[in-house]
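[1] let's see this in three dimensions:
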Amino acid sequence: MSCFIALLRAVNVGGTGKLSMSDLKAMCEQAGFTGVRTYIASGNVVLHGDVSAAEVKIRLEASLKTYAGKPVGVLVRTATEMTEILRENPFAQHPGNRTVAIFLDDKPPRDALDRLSGRNDEEASLGRREIYVFFPSGMGRSKLKIPAARDGTARNVNTITRLAEMASADSG
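    Below you'll find the model as predicted:
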């Protein structure tokens with residue numbers, strides 16, 4: 001049984017939002033996954049299944065579309081991949097709450113960083129299927145636009161660390 005981390009994109013998750021954490025957990029279980037655990041109300045799920053990451057994505061996106069009445073993107077990583085994302089973070093020396101990985105389905109285009117706009121003091125770097133960004137002045141003030149990240153979803157390094165720990169504990 002493999003351990004996966006599913007990251008929901010552009011969905012309001014929370015007790016008073018469109019999708020409660022308990023509903024999200026139940027949805028994952030109804031899709032055939034076990035050991036389902038959510039982390040903070042922003043669409044993060046650690047789960048297990050005897051399927052591929054692609055199948056996790058297909059099942060969850062289908063369940064979420066039925067629930068929300070519109071497509072909801074899901075980005076999936078294995079426990080090992082999440083640990084590698086942390087290890088490969090080029091901004092590891094910076095605060096985890098100011099550094100994000102933007103998760104993508106595919107490798108970012110080589111020219112992705114050439115197409116940034118609204119850049120101030122942010123630093124960006126390409127990963128395998130991620131774009132790393134350090135926000136020295138904080139994300140709230142940033143006007144940075146990354147066209148290649150349009151269909152991705154970002155998580156700060158603190159969240160990624162916790163998800164990797166949860167998945168590692170489940171896998172061990």
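
[2] in the helix or strand residue 76 falls within, what's buried?
    Assigned by DSSP states H and E, residue 76 falls within strand 74-78. Buried residues in strand 74-78, defined by neighbour count with 16 or more other Cβ atoms under 10 Å: 74-78. For every residue, glycine as well, the C-beta is placed using N, CA and C.

[3] show me what that strand pairs with in its sheet, parallel or antiparallel.
    strand 2-8 (antiparallel) (DSSP bridges).

[4] what about the partner strand, distance to the chain center?
    Here strand 2-8 is found 9 Å from its chain centre; the criterion is Cα atoms, centre = their mean, to the nearest Å.

[5] so which bits of that strand are buried?
    Across strand 2-8, burial judged by 16+ other Cβ under 10 Å covers 3-8.

[6] closest to residue 67 out of these?
    Nearest to residue 67 among the buried residues of strand 2-8: residue 8, at 11.0 Å, using Cβ to Cβ.

[7] residue 64 is in contact with that closest one, correct?
    Yes: assessed by Cβ atoms under 8 Å, residue 8 is found in contact with residue 64 at 7.1 Å.

[8] follow-up on the earlier one: and after the strand holding residue 76, which helix or strand comes next?
    The element immediately downstream of strand 74-78 (helix or strand, assigned by DSSP H and E) is helix 79-87.

[9] any idea which residue of this protein is furthest from its center?
    Each residue of the chain has a distance to the centre, and by Cα atoms, centre = their mean the biggest one is for residue 120: 24.3 Å.

[10] so the spatially most central residue of the chain bridges to which residues?
    Centroid-nearest residue in the chain: residue 7, 3.9 Å away (criterion: Cα atoms, centre = their mean). Per DSSP bridges, the residues bridged to residue 7 are residue 44, residue 75.

[11] list the residues that contact it.
    Shown in contact with residue 7 (Cβ atoms under 8 Å, 6 or more residues apart in numbering): 43-45, 74-77, 103, 153, 155.

[12] thinking again about what came up before, from the buried residues of strand 74-78, pick the one nearest residue 35.
    When the buried residues of strand 74-78 are ranked by distance to residue 35 (Cβ to Cβ), residue 78 comes first, at 14.2 Å.
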